[in-house]
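>>> Here is the input, now give the coordinates:
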Amino acid sequence: MKQLRWLGAALLLVALSGCFERSDSLAPLITISNPRSGTVRTAENLTISGYAVDDEGIAAIRVDEFDLLSSPIFQSDRGKRLVEFGFRPQQITEGRWASTIIVEDVSGRSTRLDYTLEIDATPPTLDLDPVQRLGDGRLRISGIARDNNLLARIAVAGIEVSVLPVSEKAFSLDVTVDGSATIIVEDEAGNRLTREIP
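Numbering: from 1, shown residues only. This is a model prediction of the structure:
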């Protein structure tokens with residue numbers, strides 16, 4: 001009987017020592033997949049998304065002290081080794097926006113990420129010259145697009161105008177339209193101006 005008790009105690013000790021030997025040596029990893037830190041974005045419909053990874057499991061993802069895993073959307077992810085998360089910043093104004101993201105694992109180890117964006121809420125402008133009607137539905141559309149930062153795209157009636165990252169671009173294009181023509185000017189932050197030519 002004593003031998004059985006000793007054997008049970010020894011087995012329990014071995015089992016417990018295996019538990020004690022397994023320690024969490026890795027802090028969680030954080031990756032922001034979109035948009036990258038430091039980039040320029042519009043505040044409209046802005047969602048920041050990323051991943052948190054840990055070998056033991058994620059216990060909390062705090063964005064400026066608010067734990068995303070406490071919200072109903074992410075509650076079921078608590079304890080998982082890989083958590084895909086996203087959040088929408090609150091009260092963003094034009095200029096530099098900064099946030100602190102802290103991920104904590106189930107063992108209490110944490111990783112901090114300081115994240116910044118440049119917020120551009122100002123749409124591009126467009127100065128159009130008088131439209132020349134060339135007959136047979138053909139129009140000559142010319143003008144100058146400008147932005148307070150950088151232009152990313154100009155499209156006239158579905159035709160893309162070659163735009164390098166510049167703050168001002170003059171263009172002139174002959175297009176054939178059936179009805180009206182739409183001009184789209186978009187900046188690198190995602191702000192868009194749309195103009196219809198009747």
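>>> wouldn't Ile58 be in contact with Val103 here?
Yes: counting by Cβ atoms under 8 Å, Ile58 does reach Val103; the two are 6.3 Å apart. In this view, the C-beta of every residue, glycine as well, is placed from N, C-alpha and C.
>>> out of the two, which sits in the busier spot?
Legend: neighbour count by other Cβ atoms under 10 Å for Ile58 and Val103, higher for Val103 (27 against 24).
>>> List the beta-bridge partners for that one.
Ile61, Thr111 (DSSP bridges).
>>> Contacts only, for it.
Pro28, Leu29, Ile30, Ala52, Asp54, Ile58, Ala60, Ile61, Arg62, Ser110, Thr111, Leu113 (Cβ atoms under 8 Å, 6 or more residues apart in numbering).
>>> any low-confidence regions in the chain?
Within the chain, the ranges that satisfy pLDDT under 70 run 1-24.
>>> Show the buried residues in the contacts of Val103.
Pro28, Ile30, Ala52, Asp54, Ile58, Ala60, Ile61, Arg62, Thr111, Leu113 (16 or more other Cβ atoms under 10 Å).
>>> Can you lay out those as TSV showing distance to Ile197?
What follows is these, written out as TSV (distance: Cβ to Cβ, whole Å):
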residue	distance to Ile197
Pro28	53
Ile30	47
Ala52	48
Asp54	55
Ile58	52
Ala60	53
Ile61	48
Arg62	50
Thr111	52
Leu113	46
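>>> Which single one of those is nearest to Gln91?
Arg62 (17.8 Å; Cβ to Cβ).
>>> in stretch 47-54, what counts as buried?
Ile48, Gly50, Ala52, Val53, Asp54.
>>> State the pair within the residues you listed that is farthest apart.
Ile48 and Asp54 (19.8 Å).
>>> How many residues are close by Arg146?
Neighbours of Arg146 (other Cβ under 10 Å): 16.
>>> how close does it get to Glu104?
To Glu104, Arg146 is 46 Å away according to Cβ to Cβ, to the nearest Å.
>>> Report the contact partners of the closest residue to Val53 other than its chain neighbours.
Computed as Cβ to Cβ, 6 or more residues apart in numbering, the closest residue to Val53 that is not its neighbour in sequence is Leu29, at 4.6 Å. Counting by Cβ under 8 Å, 6+ apart, Leu29 makes contact with Tyr51, Ala52, Val53, Asp54, Val103, Thr111.
>>> for these, which one is nearest Ile184?
The closest of these, once distances to Ile184 are taken by Cβ to Cβ, is Tyr51, at 32.9 Å.
>>> How is the closest one assigned, secondary-structure-wise?
Secondary structure state of Tyr51, per DSSP: H, G, I helix; E, B strand; the rest coil, is strand.
>>> just to revisit the earlier point, reformat the contacts of Leu29 as JSON lines; add distance to Ala155.
Output for the contacts of Leu29, formatted as JSON lines (distance: Cβ to Cβ, whole Å):
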{"residue": "Tyr51", "distance to Ala155": "34"}
{"residue": "Ala52", "distance to Ala155": "38"}
{"residue": "Val53", "distance to Ala155": "39"}
{"residue": "Asp54", "distance to Ala155": "44"}
{"residue": "Val103", "distance to Ala155": "40"}
{"residue": "Thr111", "distance to Ala155": "42"}
